[in-house]
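[1] missing the sequence, but the structure's below:
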Ligand code: 5GP
């Protein structure tokens with residue numbers, strides 16, 4: 001059976017769990033993909049590039065995009081707006097690509113509500129809370145106050161792991177990457193309901 005449309009891979013998990021490093025490690029091993037670049041109102045971190053890591057916009061601009069229904073989903077995370085633009089995602093899906101989202105638990109909920117039949121989801125975390133704190137401190141891109149907020153948020157997010165298809169514990173990057181490659185390859189094979197119906201009709205027609 002040929003896939004004529006793409007699929008979605010949602011990756012969620014606490015900031016500091018290593019999602020970005022994992023994505024960078026696997027991106028060349030999983031076929032045609034589109035990594036969704038979110039729009040955010042949070043201040044740019046050192047080393048980040050506008051249009052590469054995020055589209056950085058003002059709160060006014062973000063609210064205008066909400067009014068114009070430009071987002072597939074959006075949420076307030078750590079006091080800032082974050083959202084996934086619909087246009088680029090639709091185009092990539094049409095091209096048969098695996099669309100990867102790095103979004104929070106609220107975003108995952110919204111995507112599942114709208115596109116569950118083509119979505120596979122993975123929660124990525126550190127082995128322990130202690131290790132998460134260590135990684136957030138060693139990254140040293142955020143203030144103590146921001147780190148404290150992220151830790152509190154992480155404690156709430158892990159309570160929702162059961163809403164995800166898979167849990168990947170990022171202890172050793174290479175091992176976690178290997179697991180994620182398998183999941184990404186399988187995610188691409190997820191069949192939309194419409195295509196299943198078509199397949200069953202064709203299958204029965206050729207008796
Ligand atoms: P950070 O500020 O560390 O880059 O991201 C903070 C959190 O926002 C992460 O949990 C990340 O997954 C989430 N996030 C990033 N982009 C989006 C988005 O477009 N939508 C939602 N709902 N969450 C996002």
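    On my side now, so go ahead. Source: prediction; values computed, not measured.

[2] burial of residue 160, as a residue count?
    15 (other Cβ atoms under 10 Å). In short, each C-beta sits where N, CA and C put it, glycine included.

[3] against the ligand, how distant is it?
    12 Å (Cβ to the nearest ligand atom, to the nearest Å).

[4] please report how far the closest residue to that residue other than its chain neighbours lies from the ligand.
    Nearest residue to residue 160, sequence neighbours excluded (Cβ to Cβ, 6 or more residues apart in numbering): residue 105, at 4.9 Å. Distance of residue 105 to the ligand, given as Cβ to the nearest ligand atom: 8 Å.

[5] and for residue 149?
    10 Å.

[6] ranges for the helices of the chain?
    Remark: helices assigned in the chain by DSSP state H are 19-26, 59-67, 86-94, 105-115, 129-139, 144-158, 173-188, 193-205.

[7] put together TSV for those, with mean neighbour count on each row.
    Below are the helices of the chain laid out as TSV (neighbours: other Cβ atoms under 10 Å):
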stretch	mean neighbour count
helix 19-26	17
helix 59-67	13
helix 86-94	15
helix 105-115	18
helix 129-139	15
helix 144-158	15
helix 173-188	17
helix 193-205	11
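
[8] tabulate those in JSON lines, adding columns for mean pLDDT and distance to residue 13.
    As requested, these are exported to JSON lines (pLDDT from 0 to 100; distance: least, Cβ to Cβ, whole Å):
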{"stretch": "helix 19-26", "mean pLDDT": "94", "distance to residue 13": "6"}
{"stretch": "helix 59-67", "mean pLDDT": "98", "distance to residue 13": "23"}
{"stretch": "helix 86-94", "mean pLDDT": "94", "distance to residue 13": "20"}
{"stretch": "helix 105-115", "mean pLDDT": "96", "distance to residue 13": "9"}
{"stretch": "helix 129-139", "mean pLDDT": "92", "distance to residue 13": "10"}
{"stretch": "helix 144-158", "mean pLDDT": "92", "distance to residue 13": "7"}
{"stretch": "helix 173-188", "mean pLDDT": "97", "distance to residue 13": "11"}
{"stretch": "helix 193-205", "mean pLDDT": "86", "distance to residue 13": "28"}
